[in-house]
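Colleague: sequence unavailable; structure follows:
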Ligand code: NAD
Ligand code: MLT
C-alpha cells in the first residue's frame, strides 16, 4: 500500500541530489542540521519522513512524538541503522529504510588503503618530510604480497576488500556464519572457522554489524590466539574490536599495528579511545568510510528513490 510522503525533514549532511530529487517529485524538503534532541522531538510531528546519516540519533521519544503527528518513514542515507531505535519504530508503525550498497566500494577502498598504510608507514614518513627530515631508514615496511588477510564478515564490503587485495597477492581467508563457501570462493576467499583463522592471520579486518555476537569479536582472548604482531583494521563499527584489549596488545607487541575509522563512542571521549588514537602504531580516521563524492551521491539518490517508490509513483528526474 502506498505511503503518503509530502514533507521530509533532512537532519544530517546528505548530498544535494537527495533534496533535488525529492523536490523534483513534488515533495517539500526542510534541511535542518544539528537539531538539539528536544527540538527534533517537536519537529518530528510536522513531517511525513525524516532522513539522517549517522550523526542524528532517532530515539524512542523522537519516534513516539513523530507518530503522534504525521511521521511514517525514517530513511538512513547509509548502511548501519544503529542510530535508529528499530524496536520503537516498529511499535509506532514507522518504516525504517537504508541504502545498503551505496557506500560499499568507498568503505572497501578505505579499508584497503588502511591495510596498505599499516604495511608501509606512509603517514609518519609524510609527517617527517613535512618537518624537514629525510629519515629513509626509519620508515621501511613490509610487503602485502604473500601475507594472510583474514576478513571477518563476508558481506558486501568484506567481499570487495577480498577482491582488491587478492590482486595484490594476499592469501585471503574469512569467516561469516551466513555467506556460503561458494559465495566466498567467488570473491577469492577461503572460508574457515574462527578458531582456525586466528593463528594464520597477518592482518584481520572486520566487516560485520555491531550485534551481540560481534561485540568484542576481537578481544584479549582472541588476540592471544593470533600471531605475534598481527595487524587489525576496523572500518565497520566501534565495539567490534575491544579498544582496551588492542591498546594492551599494542603495548606488549602482540598487535603490531591497528587502523580505526570507527569508535566505541563518536566523537571519541574516553581516555582509552584517545590513547589508542594517539598511539604511534595506530592510524585513525574520523568515520570516513563512506565519505567519497561518489558514495554520497549514490546513498542520497538511493534514499530519495526509495521514498518516491513508497508513495507508489515512479521517479521523475529533472
Ligand atoms: P553486510 O550486511 O553486507 O555484511 C555483513 C556480514 O557480516 C554479513 O554477511 C553477515 O552474515 C556477517 N556477520 C554477521 N554476524 C557475524 C559474525 N558473528 N561473524 C562474522 N560475520 C558475521 O554489511 P556491509 O555493507 O558489508 O557493512 C559491514 C559493516 O560496515 C557494517 O557494520 C556497516 O555499518 C559498516 N559500514 C561502515 C562504514 C564506514 O563509514 N566506516 C561504511 C559502510 C558500512
Ligand atoms: C554507514 O553505516 O553507512 C556508514 O557508517 C557511513 C555513514 O554513516 O555515512
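Modeller: Received the coordinates, thanks. Everything numeric in this text was worked out from a predicted model, so none of it was measured. Residues are numbered from 1 along each chain as shown. Ligands and ions are numbered 1, 2, ... in the order given.
Colleague: residue in the stretch 51-200 of the chain nearest to ligand 2?
Modeller: Evaluated by CB to the nearest ligand atom, the stretch 51-200 of the chain has residue 78 as its residue closest to ligand 2, separated by 2.6 Å. Every residue, glycine included, has its C-beta placed from N, CA and C.
Colleague: tell me the SS of that residue?
Modeller: Classification of residue 78 using DSSP: H, G, I helix; E, B strand; the rest coil returns coil.
Colleague: swap in residue 87?
Modeller: helix.
Colleague: show me the contacts for it.
Modeller: Residues near residue 87 by CB atoms under 8 Å, 6 or more residues apart in numbering: residue 60.
Colleague: kindly tell me how buried whichever residue of the chain sits closest to ligand 1 is, as a neighbour count.
Modeller: Going by CB to the nearest ligand atom, ligand 1 is nearest to residue 155 of the chain, at 1.8 Å. Neighbour count of residue 155, defined by other CB atoms under 10 Å: 19.
Colleague: now do the same contact list for it.
Modeller: Contact analysis of residue 155 by CB under 8 Å, 6+ apart lists 176, 179, 207, 208.
Colleague: ok, back up a step: these two touch, right, the residue of the stretch 51-200 of the chain closest to ligand 2 and residue 299?
Modeller: Yes. Residue 78 is within contact range of residue 299, at 5.7 Å (criterion: CB atoms under 8 Å).
Colleague: sec struct for the most centrally placed residue in the chain, please.
Modeller: Centroid-nearest residue in the chain: residue 236, 4.2 Å away (criterion: CA atoms, centre = their mean). Here residue 236 is coil, with the state taken from three-state DSSP.
Colleague: once you drop chain neighbours, what's closest to it?
Modeller: Closest residue to residue 236 apart from its sequence neighbours, by CB to CB, 6 or more residues apart in numbering: residue 206 at 4.9 Å.
Colleague: tell me what that neighbour is bridged to.
Modeller: Residue 206 has these beta-bridge partners by DSSP bridges: residue 152, residue 234.
Colleague: where does pLDDT dip in the stretch 51-200 of the chain?
Modeller: For the stretch 51-200 of the chain, applying pLDDT under 70 flags no range at all.
Colleague: spell out which residues belonging to it are near ligand 2, please.
Modeller: Residues of the stretch 51-200 of the chain lying close to ligand 2 (CB under 6 Å from any ligand atom) are 53, 54, 78, 79, 80, 103.
Colleague: so which of those also contact ligand 1?
Modeller: Checking those against ligand 1 (CB under 6 Å from any ligand atom), the matches are 79, 80, 103.
Colleague: same question for the longest helix seen in the chain, mean pLDDT?
Modeller: Counting residues, the longest helix found in the chain (DSSP state H) is helix 293-310. Throughout helix 293-310, pLDDT has a mean value of 97.
Colleague: do that helix and ligand 1 come into contact?
Modeller: No. Counting by CB under 6 Å from any ligand atom, ligand 1 is not contacted by helix 293-310; separation bottoms out at 8.1 Å.
Colleague: and that helix, what other elements does it pack with?
Modeller: Identification of packing neighbours for helix 293-310 by 3 or more CB pairs under 8 Å, 6 or more residues apart in numbering; DSSP states H and E yields helix 16-24, strand 73-76, strand 95-98, helix 104-119.
Colleague: deepest-packed of those, please.
Modeller: Mean neighbours per residue, mean count of other CB atoms under 10 Å, is largest over the helices and strands packed on helix 293-310 for strand 73-76, with a mean of 25.
Colleague: could you say what helices and strands it packs with?
Modeller: Where contact means 3+ CB pairs under 8 Å, 6+ apart, strand 73-76 is packed against strand 49-52, strand 95-98, helix 293-310.
Colleague: what's the next helix-or-strand element following the first one packed up against?
Modeller: Next in sequence after strand 49-52, counting helices and strands by DSSP states H and E, comes helix 60-68. Of the remaining helices and strands, those touching helix 60-68 by 3+ CB pairs under 8 Å, 6+ apart are helix 37-43, helix 86-91.
Colleague: OK, contacts around residue 181?
Modeller: residue 191.
Colleague: tell me the pLDDT of whichever residue of the stretch 201-318 of the chain sits closest to ligand 2.
Modeller: Per CB to the nearest ligand atom, residue 290 is where the stretch 201-318 of the chain lies closest to ligand 2, at 3.5 Å. At residue 290, the model reports a pLDDT of 97.
Colleague: which residues touch it?
Modeller: Here residue 290 is in contact with 78, 79, 102, 103, 106, 107, 296, 299 (criterion: CB under 8 Å, 6+ apart).
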